[in-house]
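1. sequence isn't available, so here's the structure alone:
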């Protein structure tokens, strides 16, 4: 009886192991187009946006600067330079949002940050650091266009 149970258990575990997907779904053309390394990863620059030192801007000025901020986000995304951007919810750390720049160096990201009107006016402050993540991340803006019913 023990031998039969052992054989049944062995057969069950063997069939589970063989039934699991072992086929590699690597797409070399896609990996190359996304500049992925052998792990499917690439370099980005992570940007933490915090409240800036400008606390004297009028409501009208702030509104105009943030309209420019949003327009700049759209421009950078269309250029493929911005993989992800978004605001933080209310918090006690003065964190306002993030950018993940689709560039390899902090110097490249600094040049992109300099195009943001809200950062130039010191309403926001940017902290930049190199980041390593899936190369597929840069496909998010294309997918977002397909699921956003209303543009921001």
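-> Looks like it arrived, so ask away. Being a predicted model, the structure only gives us computed values, none of them experimental. Numbering: from 1, shown residues only.

2. so where is this protein shaky, pLDDT-wise?
-> Within the chain, the stretches falling below the threshold (pLDDT under 70) are 1-22.

3. make it 80
-> Residues of the chain meeting the criterion pLDDT under 80: 1-24, 152.

4. quickly list what the spatially most central residue of it is bridged to.
-> For the chain, the residue nearest the mean C-alpha position is residue 84 (3.9 Å; Cα atoms, centre = their mean). The partner list for residue 84 in beta bridges (DSSP bridges) reads residue 100.

5. residues contacting it?
-> When contacts are counted by Cβ atoms under 8 Å, 6 or more residues apart in numbering, residue 84 is found next to 98, 99, 100, 137, 140, 141. Every C-beta, even on glycine, is put in place using the N, C-alpha and C of the backbone.

6. pipe those into TSV and attach distance to residue 37 and neighbour count per row.
-> As requested, the contacts of residue 84 are exported to TSV (distance: Cβ to Cβ, whole Å; neighbours: other Cβ atoms under 10 Å):
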residue	distance to residue 37	neighbour count
98	23	15
99	22	27
100	17	20
137	13	17
140	19	15
141	21	18
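
7. could I get those residues as CSV with distance to residue 34?
-> Compiled in CSV, the contacts of residue 84 are given as follows (distance: Cβ to Cβ, whole Å):
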residue, distance to residue 34
98, 21
99, 19
100, 14
137, 9
140, 12
141, 13
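
8. return the closest of the residues you listed with respect to residue 42.
-> Closest to residue 42 out of the contacts of residue 84 is residue 137 (8.4 Å), distances taken as Cβ to Cβ.

9. next, the distance between the ends of stretch 45-60.
-> 32 Å (Cα to Cα, to the nearest Å).

10. against residue 115, how distant is residue 130?
-> In this structure, residue 130 lies at 20 Å from residue 115, with Cβ to Cβ, to the nearest Å as the measure.

11. now swap in residue 64 and tell me
-> Distance from residue 64 to residue 115, counting by Cβ to Cβ: 16 Å.

12. quick one, helices of the protein?
-> Assigned helices in the chain, in chain order: 2-19, 28-33, 59-78, 106-113, 117-120, 140-147 (criterion: DSSP state H).
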